[in-house]
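[1] pasting the structure only:
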């Protein structure tokens with residue numbers, strides 16, 4: 001009997017991961033311990049801060065920043081469990097902001113300056129003509145005083161001047177500060193819960209879905225939020241593990257996509273899922289109706305754009321190549 005290598009894996013229970021979670025898909029040669037964690041920030045903090053897992057979901061921006069700074073505890077798989085268009089995650093105080101340019105000269109709340117969602121939002125704002133250097137950033141939790149999580153610090157290069165301060169209020173969250181007009185907007189992975197409740201808290205892009213579809217057509221970008229990282233020590237000990245995991249991740253995702261498209265009985269609680277699937281086929285026709293491709297080549301433009309945004313926003317001093325970031329893998333076999 002061949003012994004399988006035990007590998008712990010922390011990730012949210014996404015549809016594309018379900019077949020791995022249930023054991024329907026088993027990585028070759030691996031005894032996978034799938035640890036369901038539905039709070040990505042907690043997963044990132046535990047992996048970056050304590051190296052608690054062999055493999056985990058990880059913030060793309062944090063992985064790239066730590067890599068560029070010379071920290072090489074992990075290597076990445078071109079598997080992207082989380083992707084989100086971000087036009088809909090910009091909330092504004094409508095008394096202060098009517099259009100993107102109005103953000104200049106203002107203080108904007110962000111859960112973490114370094115979080116991937118914020119990187120993509122700042123990038124799309126810059127593409128809208130916003131001068132990011134004219135914005136001051138206030139970090140904090142969206143729905144409570146204090147910080148968002150306990151991230152391992154990312155030291156920003158001294159060559160880039162970014163105005164960042166911390167929410168020191170003992171009582172007010174970013175959401176509260178926005179409604180009170182003490183900040184002009186919030187960006188990040190979450191919307192303030194008072195959006196639509198406080199009359200002056202609204203989305204910057206009310207028709208965000210159309211803005212996001214146009215963004216994809218114009219730029220060819222469906223923003224990548226998270227990737228999969230593996231302990232480098234494990235890969236050095238068992239060089240075949242990345243390929244085995246990648247094949248299993250790809251199979252699990254393809255099963256989820258196939259089942260989502262079966263309309264005999266709707267798999268998700270979306271009454272108009274058939275119409276949504278038609279829309280996916282039309283918008284993502286360049287990837288044959290697959291909105292969630294894995295592999296390097298299918299995502300090269302998106303990954304290179306993320307690296308460019310990180311450099312432009314003062315988070316890295318050099319732009320590592322995509323080959324560097326996925327250096328322990330044999331790229332051609334992974335373009336599935």
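    Thanks, I have the structure now. Quick caveat, the model's predicted, so the values are computed rather than measured. Numbers count the residues shown, from 1 in each chain.

[2] Would you mark the buried spots in stretch 41-48?
    By neighbour count on 16 or more other C-beta atoms under 10 Å, the buried set for stretch 41-48 is 41, 43-48. Using the backbone N, CA and C atoms, a C-beta is placed for each residue, glycine as well.

[3] Sitting in helices, which of those residues do you find?
    41, 43-48 (DSSP state H).

[4] returning to that earlier point: between the buried residues of stretch 41-48, which sits nearest residue 35?
    Of all the buried residues of stretch 41-48, residue 43 has the smallest distance to residue 35: 8.7 Å, by C-beta to C-beta.

[5] tell me the strands in this protein, going along the chain?
    5-11, 30-36, 55-59, 74-83, 91-93, 107-110, 136-139, 164-166, 185-187, 201-203, 224-231 (DSSP state E).

[6] what angle do the fourth one and strand 55-59 make?
    Inter-element angle recorded for strand 74-83 and strand 55-59: 60 degrees (by axes from the mean of the first three to the mean of the last three C-alpha atoms, to 10 degrees).

[7] ok, back up a step: could you dump the strands of the chain into TSV with mean neighbour count added?
    Shown next, in TSV, are the strands of the chain (neighbours: other C-beta atoms under 10 Å):
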stretch	mean neighbour count
strand 5-11	20
strand 30-36	16
strand 55-59	27
strand 74-83	23
strand 91-93	25
strand 107-110	24
strand 136-139	19
strand 164-166	12
strand 185-187	28
strand 201-203	19
strand 224-231	24
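
[8] Which among those strands is found nearest to residue 309?
    Nearest of the strands of the chain to residue 309, taken as C-beta to C-beta: strand 224-231 at 11.4 Å.

[9] Name every strand pairing with the closest one and say which way it goes.
    Using DSSP bridges, strand 224-231 pairs in its sheet with strand 55-59 (antiparallel), strand 74-83 (antiparallel).

[10] just flag whichever of the strands of the chain has the lowest average confidence.
    If the strands of the chain are sorted by mean pLDDT, strand 164-166 sits at the bottom with a mean of 90.

[11] So which elements touch it?
    Judged by 3 or more C-beta pairs under 8 Å, 6 or more residues apart in numbering; DSSP states H and E, the packing partners of strand 164-166 are strand 136-139.

[12] and the strand it packs on, how far from the chain's centre?
    20 Å (C-alpha atoms, centre = their mean, to the nearest Å).

[13] Neighbouring strands - and their directions - for it?
    strand 107-110 (parallel), strand 164-166 (parallel).

[14] which residues are contacting that strand?
    106-113, 147-148, 162-167, 174, 177, 183 (C-beta atoms under 8 Å, 6 or more residues apart in numbering).

[15] what's the neighbour count on the residue nearest to residue 213 when sequence neighbours are not counted?
    Nearest residue to residue 213 in three dimensions, chain neighbours excluded: residue 283, at 5.7 Å (C-beta to C-beta, 6 or more residues apart in numbering). Neighbour count for residue 283, taken as other C-beta atoms under 10 Å: 16.

[16] contacting residues around residue 283?
    Applying C-beta under 8 Å, 6+ apart to residue 283 gives the contacts 213, 216-217, 291.

[17] before we move on, back to that, turn the buried residues of stretch 41-48 into a markdown table, columns for pLDDT.
    Below are the buried residues of stretch 41-48 laid out as a markdown table (pLDDT from 0 to 100):
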| residue | pLDDT |
| --- | --- |
| 41 | 90 |
| 43 | 95 |
| 44 | 93 |
| 45 | 91 |
| 46 | 94 |
| 47 | 95 |
| 48 | 91 |
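
[18] Closest one to residue 209 out of those, please.
    When those are compared against residue 209 (criterion: C-beta to C-beta), the nearest one is residue 41, at 25.8 Å.

[19] Now do the residue found closest to the closest one once you drop the neighbours it is linked to in the chain against residue 62, distance only.
    Spatial nearest neighbour of residue 41, excluding adjacent residues (C-beta to C-beta, 6+ apart): residue 149 at 4.0 Å. Per C-beta to C-beta, to the nearest Å, residue 149 is found 11 Å from residue 62.
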